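K.L.:
Quick one, fold the following:
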Amino acid sequence: MALRTYRIRYDFGSAPNPFWGALTLVICMPVIRREAKLGDWVAGFRAAVSATRESAAGTLVFAMRVDEVLPPRWYDQRFPQKRPDLGASDRRRWLGDNLYDFSDGAVIQREGVHAPTRQANDLRRWT
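P.N.:
Down below sits the predicted model:
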């Protein structure tokens, strides 16, 4: 078992995504996705840039145990409810981290929280 940490610069609810019954870390953090194993822990701490007060920097935002490690094609099928829907009335649907469609063999990015310029980082060490 290992403890992996990262600093959350922007906490909008997409990385990690706490909605729909599973806390998932699918976008950003490619090194954690590559190295995390079942039973490991991931802890996210507020970065100084995201803190409303300097004293809030370093505050623990979340801790999660890794219960599943999925390749992106399986994630897309396992968590369809986490596909972003920018037209939804429920704000949680806007923040979906299931940004990539692998169903036709090619990667197609869904409209969501990341611009296409983020795709290489999102998929790095994962595809």
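K.L.:
Give me the residues contacting the helix-or-strand element of the chain with minimal mean pLDDT.
P.N.:
Lowest mean confidence among the helices and strands of the chain (mean pLDDT, DSSP states H and E): helix 119-123, at a mean of 77. If you take C-beta atoms under 8 Å, 6 or more residues apart in numbering as the criterion, helix 119-123 is touched by 26-28, 30, 72, 99-100, 107, 109, 114. C-beta here means a position set from N, CA and C on the backbone, and glycine is covered the same way.
K.L.:
if we go to 7 Å?
P.N.:
Outside helix 119-123, the residues that touch it by C-beta atoms under 7 Å, 6 or more residues apart in numbering are 27, 30, 99-100, 107, 109, 114.
K.L.:
So which bits of that helix are buried?
P.N.:
Within helix 119-123, the residues that qualify as buried are 119, 122-123, counting by 16 or more other C-beta atoms under 10 Å.
K.L.:
Kindly report the same for stretch 12-29.
P.N.:
Buried positions in stretch 12-29, judged by neighbour count with 16+ other C-beta under 10 Å: 13-17, 19, 23-29.
K.L.:
Report the separation between the two terminal residues of it.
P.N.:
15 Å (C-alpha to C-alpha, to the nearest Å).
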